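Enquirer: here's a sequence, model it:
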Amino acid sequence: MSEISSRFSPWRLSVAPMMDWTDRHCRFFHRLLTRHTLLYTEMVTTGALTHGSVQRHLRFNAEEHPVALQLGGSEAVDLAMAAKLGQEWGYDEINLNCGCPSDRVQRGAFGACLMNEPRTVAEAVRAMRDVVDIPVTVKHRIGIDRIESYDFVRDFVGAVSEAGCEVFIVHARNAWLDGLSPKENREIPPLRYELAYRLKADFPQLTIAVNGGIKTNQEIASHLRHADGVMIGREAYYNPWLLTTWDADFFDDPHPIPTREAVEEAMVAYMERAHAEDGCPWYAIARHMLGLYHGQRGGRLWRQVWSNHKLKPLPPREVWRQAREALARGSVVPAD
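Expert: Numbers count the residues shown, from 1 in each chain. This next block holds a predicted model:
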């Protein structure tokens, strides 16, 4: 463990698990921007590991550490199997999803539905902890549907913590299981951070991290006065350059920050590596870095190049050359 990592909670700052987004290519990109922020996989279901390709779902790049595997499932035996696989593949943490409200997840009777079954979650946590040495954590909501009582989430955390879970990542919104899409569930139910703060006050021995609607370093700093950690979701994806400020601001590690061009060049080299290793096309990787020039002059033209389907047959270095030219054109300040 490094000197810096030993001074701060591993959950002080993290990037949320996001379906279809935080795959291994996205996490490689994010690690170029921050050394210490904890990165999470997309949710991987126990069924995918039982019936699908374990390598496809669990493979990751060594550069991604610290990296956590988020699992979806409800059967203790299956989750224990998946957790053991996660440790064998080298993940630093196993996280159980108790917050996703999608119809697909509900049909599988896991995700946010599990908040109605704290004993089931406790059994699953206990089974996973029995077979791994790495932390087993839980990500959850503050309530489901119209249940807005603090007692509901307090009792959930209390029951699961008795099974040995010491880390809870609290998405500070309810999950409405009927009538809202997953996107609407990230926006419509009101944020109530104070419930996460109350959990920390009532369970001071636990690590409580806050998630939901957090976009700025000022907001992160404010939450850290009341909780042990902060998890950032979509803002980290849309505005990834924000991550370059976190090591200095929240881990007391003001190392030199690479230029955007250097990060882009590193991603092109990674695209070439990924293609050589398993034939991965560059555009499957490039989609994750489209926010690199967010808010920068010329950024729109740059994004258009990297997302141009007509360029798919070209090698990534040629696309990069065209993207640099587009950025330069867009960066020219018109004469008065």
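Enquirer: any regions of the stretch 101-250 of the chain where pLDDT drops low?
Expert: 103-109 (pLDDT under 70).
Enquirer: flag every buried residue along the lengthiest helix in the chain.
Expert: Longest helix in the chain, counting residues (DSSP state H): helix 260-278. Under the neighbour-count criterion of 16 or more other CB atoms under 10 Å, helix 260-278 has 260, 263-264, 267-268, 270-271, 274-275 buried. C-beta: built from backbone N, CA, C; applies to glycine.
Enquirer: please apply the same query to stretch 19-26.
Expert: 21-26.
Enquirer: just checking, what packs against the longest helix of the chain?
Expert: helix 24-33, helix 282-286, helix 316-331 (3 or more CB pairs under 8 Å, 6 or more residues apart in numbering; DSSP states H and E).
Enquirer: what's the last one in contact with?
Expert: Which is helix 316-331. Contact partners of helix 316-331, identified using CB atoms under 8 Å, 6 or more residues apart in numbering, comprise 261, 264-265, 268, 271-272, 275, 282, 286, 293, 297-302, 304-306, 311.
Enquirer: quick one: the helices in the stretch 101-250 of the chain?
Expert: 103-107, 118-131, 150-161, 182-185, 193-202, 217-224, 234-238, 246-251 (DSSP state H, counting those that start in this stretch).
Enquirer: nearest to residue 315 among those helices would be which one?
Expert: Among the helices of the stretch 101-250 of the chain, the nearest to residue 315 by CB to CB is helix 234-238 (26.0 Å).
Enquirer: from the buried residues of stretch 19-26, pick the one nearest residue 39.
Expert: residue 22 (7.1 Å).
Enquirer: doesn't that closest one belong to a strand?
Expert: No - read with DSSP: H, G, I helix; E, B strand; the rest coil, residue 22 is coil and lies in no strand.
Enquirer: skipping its backbone neighbours, what lies nearest it in space?
Expert: residue 42 (5.3 Å; CB to CB, 6 or more residues apart in numbering).
Enquirer: give the contact list for the one you found.
Expert: Applying CB under 8 Å, 6+ apart, the residues near residue 42 are 17-23, 70.
Enquirer: how about residue 167, nearest residue that isn't a chain neighbour?
Expert: The nearest residue in space to residue 167 (CB to CB, 6+ apart) is residue 137, at 3.9 Å.
Enquirer: can you name the residues bridging to the one you found?
Expert: residue 95 (DSSP bridges).
Enquirer: which two among the contacts of residue 42 are spaced furthest apart?
Expert: 20 and 70 (13.5 Å).
Enquirer: now tabulate the helices of the stretch 101-250 of the chain in TSV and tack on mean neighbour count and distance to residue 32.
Expert: TSV is the format used below for the helices of the stretch 101-250 of the chain (neighbours: other CB atoms under 10 Å; distance: least, CB to CB, whole Å):
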stretch	mean neighbour count	distance to residue 32
helix 103-107	14	31
helix 118-131	20	31
helix 150-161	19	35
helix 182-185	14	28
helix 193-202	18	30
helix 217-224	15	19
helix 234-238	18	13
helix 246-251	18	12
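Enquirer: of these, which is nearest residue 88?
Expert: Comparing the helices of the stretch 101-250 of the chain by CB to CB, helix 118-131 comes nearest, at 10.2 Å.
Enquirer: could you dump that closest one to PDB, C-alpha only?
Expert: Listed next in PDB are the C-alpha coordinates belonging to helix 118-131 (Å, rounded to 0.1, in the frame of the first residue of the first chain):
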ATOM      1  CA  PRO A 118     -32.300  -7.200   4.100                       C
ATOM      2  CA  ARG A 119     -31.900 -10.700   5.300                       C
ATOM      3  CA  THR A 120     -31.300 -12.000   1.800                       C
ATOM      4  CA  VAL A 121     -28.700  -9.300   1.300                       C
ATOM      5  CA  ALA A 122     -27.100 -10.100   4.700                       C
ATOM      6  CA  GLU A 123     -26.900 -13.800   3.700                       C
ATOM      7  CA  ALA A 124     -25.300 -12.900   0.400                       C
ATOM      8  CA  VAL A 125     -22.800 -10.700   2.000                       C
ATOM      9  CA  ARG A 126     -21.900 -13.300   4.600                       C
ATOM     10  CA  ALA A 127     -21.500 -16.000   1.800                       C
ATOM     11  CA  MET A 128     -19.200 -13.700  -0.200                       C
ATOM     12  CA  ARG A 129     -17.100 -12.700   2.800                       C
ATOM     13  CA  ASP A 130     -16.700 -16.400   3.600                       C
ATOM     14  CA  VAL A 131     -14.800 -17.000   0.300                       C
END
